[in-house]
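1. need a 3D model of the sequence below.
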Amino acid sequence: MNRLRPSWQAALAALACLIAVALGAIAAPKVDPLAQPAGTLIYPYATTSWLIFGALLLAALIPMAKVPPMAEAVVLFIGAHLAAWLLIGGIASFEGLARAPYFLLLAAAWLLGWRCVAVLSGLRPTDGSTRTALRLIIPAIFGAWILIIWEAVTRGAGIPFILLPPPSAIGARIAGSLPILGADVRQTIFKAVLFGYVVGSGAGFVTAVLADRVAFLRRGLLPIGNMVSALPIIGVAPIMVMWFGFDWQSKAAVVIIMTFFPMLVNTVAGLAASGHMERDLMRTYASGYWPMLIKLRLPAAAPFIFNALKINSTLALIGAIVAEFFGTPVVGMGFRISTEVGRMNIDMVWAEIAVAALAGSVFYGVVALVERAVTFWHPSVRGG
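-> Presented below is the predicted three-dimensional model:
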């Protein structure tokens, strides 16, 4: 008995498989319209049901023994993903016909995927490349299961396409609309977002240094900054369109407004983060304001500045997309979303959302990598 190492996820997965076996068919049969008038029934999972049950039960039972953690993770990964792939592949032509065993088996596969992530998270490799690989693999598996559950539930429950298309349909739409999506990305991100992000963040940083130097600016600007940061974007965007026209310049103006004050507030707080002992030590060496700013206060403020840059990376994209709802040339991510919603092309709307999410994640990741390179000395970075 002491040779077993039970896991509650694996135990629940095995229980769900046994209940699914007792309940019977995974999905309801479908009548082949080409076989009329005989009315031949087509049974989904007729040849794969045993493989699904076997993969799940094997993946649930084997890791209970005292096997190495890496071997356990491999078994769990193969069993969970093989079963999920067979479930989704089998229901592809039988949308809405899934029965209770289908969802029980999906839950079992998800529990095994959860256990796989838990095992991988508990590994403590000494090799740097292995640690880097785990940092990439673990969130990839976690994100993949969000898509797997989305795909399986929408197809199994027969959710109408107009309410929530499956990820496979969104991916197919992305693959078939690359020229349109590329033009929208160029208009929204490479013109409005990048320009507004650089100008807004840069202006906020320079203003923060001036506010730190001049007391009346600091006391006057920060309350105004808190007020302006609370302004609704749907109120500012139409005004910017009236002032700067329908092209990308008006969207860049909205981005500048949205990114200016987060940088201002964070940089002012960061410049005040250096300790009194360090500042007194530099004063004993007759250090002036600018040497102290460059050598002490700006390095101490670097985590605050990068925090503002990461916040602005998402705010800039949101601001540009929302601003395009109020007037833009016939191109742009916000324009495409508002137009395709009116045409009921929901897959195209989700395609634009997926591209925007990917672009925002890449943007945020680039800023985070630069932060790690610049603030390598900070305890939060040294700690991993």
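2. what comes up buried for stretch 150-166?
-> Going by neighbour count (16 or more other Cβ atoms under 10 Å), the buried part of stretch 150-166 is 150-156, 159, 165-166. In short, each C-beta sits where N, CA and C put it, glycine included.
3. what's the end-to-end length of it?
-> Terminal residues of stretch 150-166 are spaced 7 Å apart (Cα to Cα, to the nearest Å).
4. ok, residue 250 - contacts?
-> Residues near residue 250 by Cβ atoms under 8 Å, 6 or more residues apart in numbering: 237, 240-241, 243-244, 323, 327.
5. any idea how far residue 319 is from it?
-> Counting by Cβ to Cβ, to the nearest Å, the gap between residue 250 and residue 319 amounts to 11 Å.
6. mind listing the shared neighbours of these two?
-> Here residue 250 and residue 319 share the contacting residues residue 237, scored by Cβ under 8 Å, 6+ apart.
7. flag the shaky bits of the stretch 151-300 of the chain, pLDDT-wise.
-> 275-281, 285-287 (pLDDT under 70).
8. quick one on the thing from earlier: could you dump the buried residues of stretch 150-166 to TSV with secondary structure and distance to residue 126?
-> Compiled in TSV, those are given as follows (DSSP: H, G, I helix; E, B strand; the rest coil; distance: Cβ to Cβ, whole Å):
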residue	secondary structure	distance to residue 126
150	helix	37
151	helix	37
152	helix	38
153	helix	40
154	helix	43
155	helix	43
156	helix	43
159	coil	47
165	coil	45
166	coil	41
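9. before we move on, what SS does residue 187 have?
-> Counting by DSSP: H, G, I helix; E, B strand; the rest coil, the backbone at residue 187 sits in helix.
10. give me every residue that touches it.
-> Shown in contact with residue 187 (Cβ under 8 Å, 6+ apart): 248, 328-329, 331-333.
11. same question for residue 57.
-> Residue 57 touches 14, 17, counting by Cβ under 8 Å, 6+ apart.
12. for the helix or strand containing it, the distance to its chain's centre please.
-> Residue 57 is located in helix 49-61, with elements delineated by DSSP states H and E. Helix 49-61 has its C-alpha centroid displaced from the chain centroid by 31 Å (Cα atoms, centre = their mean, to the nearest Å).
13. what's the first helix or strand after that helix?
-> According to DSSP H and E, the helix or strand after helix 49-61 is helix 69-91.
14. that next one: which residues count as buried?
-> Buried, per 16+ other Cβ under 10 Å, within helix 69-91: 72-77, 79-84, 86-88, 90-91.
15. report the angle between the axes of it and helix 49-61?
-> Using axes from the mean of the first three to the mean of the last three Cα atoms, to 10 degrees, the direction of helix 69-91 lies 160 degrees away from that of helix 49-61.
16. and helix 69-91, what does it pack against?
-> If you count contacts as 3 or more Cβ pairs under 8 Å, 6 or more residues apart in numbering; DSSP states H and E, helix 69-91 packs onto helix 49-61, helix 100-122, helix 128-156.
17. closest one to residue 305 among those helices?
-> Closest approach to residue 305 among the helices and strands packed on helix 69-91 (Cβ to Cβ): helix 128-156, 24.6 Å.
18. for the closest one, name the packing helices and strands.
-> Here helix 128-156 touches helix 69-91, helix 100-122, helix 167-176, going by 3+ Cβ pairs under 8 Å, 6+ apart.
19. which other residues reach the shortest one?
-> Same thing as helix 167-176. 147, 150-151, 161, 181, 347-348, 350-351, 354-355.
20. drop anything exposed from these.
-> Buried among these by 16+ other Cβ under 10 Å: 150-151, 181, 347-348, 350-351, 354-355.
21. let's see which of those residues end up in helices.
-> Taking DSSP state H as the definition of helices, the buried ones among the contacts of helix 167-176 contribute 150-151, 181, 347-348, 350-351, 354-355.
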